[in-house]
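**Student:** Got a sequence here, can you build the structure:
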Amino acid sequence: MRFSITPSVRGGVSLLTVFAVLACQSESISAPMGPPSVPAVGTLTTNAFTSRGDPGSGIRWRWTGATVVSDSASPDGPMALQFTYAAGRTGGTAPGNVYLDEAALRSRNLPSATIRGWLYVSPNWYGHPSLVNKTLFVGMGLNGNQVYVSLKGSGNGTLQPRLAFQGMAAKPTPNGTCGNGGCAGDVGGGSFSRGAWHSIAVNVGPTSASLAVDGLTVGVASGLVWRTTGAPYLAKVALNPTWGGIGSTVPATQFLRWDGVTVSTP
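**Tutor:** Have a look, this model is predicted:
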């Protein structure tokens, strides 16, 4: 079954459309984008995206903080999700969060998933001094274990896409393979240019994870041990782009955009 959320406009007020389409052998969940195709059954409020008469399994996107903006350059446009970091925002915070309903997601007990989408940061993007610029979180297991996509870099320097790990029993060393215990490190490579759209694909499973950017695999992590009881399962997918790191402040207003995000399972 396929779930999609698409923005529409009625009477000058942004609305979201939610619909379900049957699929043969796979399940996918799509975040907002593209023109409306059916009457709206949900509304965008100041607090969250709340579905009315939610069709299908009940897995839906919750919404805080982000805005829908026009972006004709987006590969999945003409609309995109924007997270705006006002000048003076402190490190370690995100201006919004768009995430799958966790209770419904966990109830499906999915052992693996692929998250795909398009990511953009503004031309003036200023990286946090800690080199940490988180964009997407994926959790495996009830204890909130997370792998996240980070753009590693500070100030106006080069940004490098990386997969990083937190809250795990074992995570990869820099070469992408984990031994026993809580080894440290992240995996990734290449560069991520400002002011341009880039495709992102993250695969997560019971013992491994990988990251591809613009169709090229830049990081593979194996030997992962999620801190959970029983077999690991998909528990979180969140567009919660956190600037930092702790401390420091955003020097000038900047923004990050996601578009065409899909979550698919075998």
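
**Student:** so what's the closest residue to residue 157 other than its chain neighbours up against?
**Tutor:** Excluding its sequence neighbours, the residue lying closest to residue 157 (CB to CB, 6 or more residues apart in numbering) is residue 127, at 6.5 Å. (Glycine included, C-beta is placed from N, CA and C.) Counting by CB atoms under 8 Å, 6 or more residues apart in numbering, residue 127 touches 133, 151, 153, 154, 155, 156, 157, 159.

**Student:** From residue 194, how far out is residue 127?
**Tutor:** Distance of residue 127 to residue 194, computed by CB to CB, to the nearest Å: 10 Å.

**Student:** Now intersect the contacts of residue 127 with the strands, please.
**Tutor:** residue 151 (DSSP state E).

**Student:** so can I have a markdown table of the contacts of residue 127 showing distance to residue 198, neighbour count and pLDDT?
**Tutor:** Below are these laid out as a markdown table (distance: CB to CB, whole Å; neighbours: other CB atoms under 10 Å; pLDDT from 0 to 100):
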| residue | distance to residue 198 | neighbour count | pLDDT |
| --- | --- | --- | --- |
| 133 | 14 | 25 | 96 |
| 151 | 10 | 26 | 97 |
| 153 | 14 | 22 | 96 |
| 154 | 19 | 17 | 96 |
| 155 | 20 | 11 | 97 |
| 156 | 18 | 11 | 97 |
| 157 | 17 | 11 | 97 |
| 159 | 10 | 21 | 97 |
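
**Student:** out of the contacts of residue 127, which one sits closest to residue 247?
**Tutor:** Checking the contacts of residue 127 against residue 247 by CB to CB gives residue 154 as the nearest, at 12.3 Å.

**Student:** pull the CA atoms of stretch 196-215 into CSV?
**Tutor:** Presented in CSV, the C-alpha positions along stretch 196-215 are these (Å, rounded to 0.1, in the frame of the first residue of the first chain):
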residue,chain,number,x,y,z
ALA,A,196,21.9,22.5,-5.6
TRP,A,197,19.5,19.5,-5.2
HIS,A,198,21.1,16.2,-4.5
SER,A,199,19.4,12.7,-4.4
ILE,A,200,19.8,10.8,-1.1
ALA,A,201,19.2,7.1,-0.5
VAL,A,202,19.7,5.4,2.9
ASN,A,203,19.3,1.7,3.4
VAL,A,204,19.0,0.3,6.9
GLY,A,205,18.7,-3.3,8.1
PRO,A,206,19.3,-5.6,11.0
THR,A,207,23.1,-5.4,10.8
SER,A,208,24.0,-2.8,8.2
ALA,A,209,23.4,0.6,6.7
SER,A,210,24.5,2.5,3.6
LEU,A,211,24.3,5.9,2.1
ALA,A,212,24.2,6.9,-1.6
VAL,A,213,24.3,10.5,-2.9
ASP,A,214,23.5,11.3,-6.5
GLY,A,215,23.4,7.6,-7.3
